[in-house]
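[1] Here is a sequence together with a model predicted from it:
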Amino acid sequence: MKGASIRRLGAVAAAAVLTLAACGQSGQDDDAVGSGDAEPEISLEGETLRVIINFSAGGPTDTFGRLITKHLTNHLPGNPDIVVENVPGADGALGSNRLWDAEADGLTFGILTDPMLPTLLPESEVNYDMEEWTWVGGISETMILFSRADLGLETAEDLVDSSAEIVAGGYGPRSDVDLGERLFFDTLGVDYNLVTGYPGGNDALAALDRNEINTFLLSLSTYVPRVAPQVEDGSVVELAQAGAVDEEGQVIRDPRFPDLPTMHELLEEHAASDYSDVEQTAMAQIVGTLSLLRAIVAPPGVPEENAEVLRAGLSDTLADPAFQAESEQLLGYDLIVLEADEAKTISDGIVQSAEDNPEAIDYLAELVRSS
């Protein structure tokens, strides 16, 4: 993954916008959410901004969030101090809830991983509404499924006939990691155990190192810099990717990993029994949320002029050559970034898609209840 760069929206995220908007969300009025192009006249000199990250320190969300905040202060008027607060727990819901309850003064925002999926499931520990956030931007990602090499697998196809004792790791019953792994292994007909409750990706990788787990589904911001080198040295085996969704709502390969099959492809070919329409739609729903895996939002009700300060600062940060150089060095892959209006469109579309496919949501809810 050399030559990393920053893409504005990009092919994958653009497809997601088309897909989810086609579900009935045509977006909002042009004035409803800004794009960061305005020239705000607010100064933050002497202020301290608080940034809430909803997973633990050292994991994928934290890595990306601290990279953003390190450079963001240089692109906000008055160059304010920025303090990062990690609030892990409940599959990320604790941090998202705390951000929702924060004062809407433009001095607090969050970099949240997957705040969407828990809101689609019953009995989730969330008190926020995805349609009411003050949107600042977003990042589209995918996830990679991998295992320790000493498990004896060379490809994902080997799972079908393998007697290996698979022990997968997870964040919590309602997380995209747990649900993606469970849907994949259950439908593939593979025996496995799931050890869940890790506060973040860094914790799960530590568990992998000590052989507490041997398989994991991890987002790119930690996978590429931390795990990909282990694939190269032979200690880890790359199995599959979650993928992306195209304009017809179908799961496809993320263009950043064109040679790695999706879990959906493998289930189409090797499912132990019928890979039902409901299961396929549930998989597409999980993958669709990855189109907005990193939501950059502020509490509802932030005045528009304050929101525009944050949007403009984020947009300038992502365009900053210094940020891009460090992103390439630290992350090592192309970032697909979303302006606030694009992120809002995707979010609204995912909500509508869930309402249009209640059987798939019921299927995911049953996975949660049976965990």
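    The structure has been received and is ready for your questions. Residues are numbered from 1 along each chain as shown.

[2] Would you confirm that Val337 contacts Ile68?
    No. Here Val337 does not reach Ile68: they are 10.4 Å apart, not a contact under CB atoms under 8 Å. The way it works is simple: take the backbone N, C-alpha and C, and place the C-beta from them, glycine included.

[3] Need the three-state assignment for Leu205.
    Under the three-state scheme (DSSP: H, G, I helix; E, B strand; the rest coil), Leu205 adopts helix.

[4] Tell me who's in contact with Glu279.
    Leu183, Thr187, Leu267, Tyr363 (CB atoms under 8 Å, 6 or more residues apart in numbering).

[5] Show me the two of these that sit farthest apart.
    The largest distance within these, taken as CB to CB, falls between Leu267 and Tyr363 and amounts to 13.7 Å.

[6] Dihedrals phi and psi, the spatially most central residue of the chain?
    For the chain, the residue nearest the mean C-alpha position is Leu293 (2.2 Å; CA atoms, centre = their mean). Note on Leu293: backbone dihedrals following degrees, to the nearest 10 are phi -60, psi -40.

[7] For it, give me its contacts.
    Counted by CB under 8 Å, 6+ apart, Leu293 has contacts Thr113, Asp114, Ile139, Ser140, Glu141, Asp176, Ser219.

[8] on that earlier part again, just the buried ones from the contacts of Glu279, in PyMOL syntax?
    Applied in PyMOL, the following selects the buried portion of these according to 16 or more other CB atoms under 10 Å:
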select buried, resi 183+187+267+363
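
[9] What are the boundaries of the strands in the stretch 201-350 of the chain?
    215-219, 236-241, 244-245, 251-252, 294-298, 335-339 (DSSP state E, counting those that start in this stretch).

[10] Could you export those as TSV, including distance to Pro88?
    TSV is the format used below for the strands of the stretch 201-350 of the chain (distance: least, CB to CB, whole Å):
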stretch	distance to Pro88
strand 215-219	15
strand 236-241	24
strand 244-245	27
strand 251-252	29
strand 294-298	15
strand 335-339	23
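
[11] list the buried ones in stretch 54-70?
    Buried residues in stretch 54-70 (16+ other CB under 10 Å): 54-69.

[12] where does this protein have low pLDDT?
    1-40 (pLDDT under 70).

[13] Quickly list the domain ranges of it.
    Residue ranges for the domains of the chain, per automatic domain parsing: 6-141+290-359, 143-288+361-369.

[14] now what about stretch 84-92, what contacts it?
    Identification of contacts with stretch 84-92 by CB under 8 Å, 6+ apart yields 50-57, 61-62, 65-66, 69, 94-95, 98, 112-115, 118, 125, 171-175, 178, 199-200.

[15] distance between the ends of that stretch?
    From its first residue to its last, stretch 84-92 covers 15 Å (CA to CA, to the nearest Å).

[16] List the buried residues in it.
    So, applying 16+ other CB under 10 Å, buried residues of stretch 84-92: Val84, Asn86, Val87, Pro88, Gly89, Ala90, Asp91, Gly92.

[17] Turn the residues you listed into JSON lines, including distance to Val297 and secondary structure.
    What follows is the buried residues of stretch 84-92, written out as JSON lines (distance: CB to CB, whole Å; DSSP: H, G, I helix; E, B strand; the rest coil):
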{"residue": "Val84", "distance to Val297": "15", "secondary structure": "strand"}
{"residue": "Asn86", "distance to Val297": "17", "secondary structure": "strand"}
{"residue": "Val87", "distance to Val297": "14", "secondary structure": "coil"}
{"residue": "Pro88", "distance to Val297": "18", "secondary structure": "coil"}
{"residue": "Gly89", "distance to Val297": "18", "secondary structure": "coil"}
{"residue": "Ala90", "distance to Val297": "18", "secondary structure": "helix"}
{"residue": "Asp91", "distance to Val297": "17", "secondary structure": "helix"}
{"residue": "Gly92", "distance to Val297": "13", "secondary structure": "helix"}
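
[18] hmm, back to that, cross the contacts of stretch 84-92 against helices and list the overlap.
    Of the contacts of stretch 84-92, the ones assigned to helices by DSSP state H are Thr61, Asp62, Gly65, Arg66, Thr69, Leu94, Gly95, Arg98, Pro118, Asp178.

[19] Could you export the strands of the stretch 201-350 of the chain to CSV, including columns for mean neighbour count and distance to Val160?
    CSV is the format used below for the strands of the stretch 201-350 of the chain (neighbours: other CB atoms under 10 Å; distance: least, CB to CB, whole Å):
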stretch, mean neighbour count, distance to Val160
strand 215-219, 25, 15
strand 236-241, 23, 12
strand 244-245, 28, 25
strand 251-252, 20, 19
strand 294-298, 27, 33
strand 335-339, 25, 32
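
[20] Out of these, which gets nearest to Leu194?
    Ranking the strands of the stretch 201-350 of the chain by proximity to Leu194 (CB to CB) places strand 215-219 first, at 9.5 Å.

[21] From Glu308, how far out is Val224?
    Distance of Val224 to Glu308, computed by CB to CB, to the nearest Å: 32 Å.

[22] residues in contact with Leu267?
    Applying CB under 8 Å, 6+ apart to Leu267 gives the contacts Phe184, Thr187, Leu188, Tyr275, Glu279, Gln280, Met283.

[23] again, 10 Å this time
    Applying CB atoms under 10 Å, 6 or more residues apart in numbering to Leu267 gives the contacts Leu183, Phe184, Asp186, Thr187, Leu188, Ala240, Val251, Tyr275, Glu279, Gln280, Met283.
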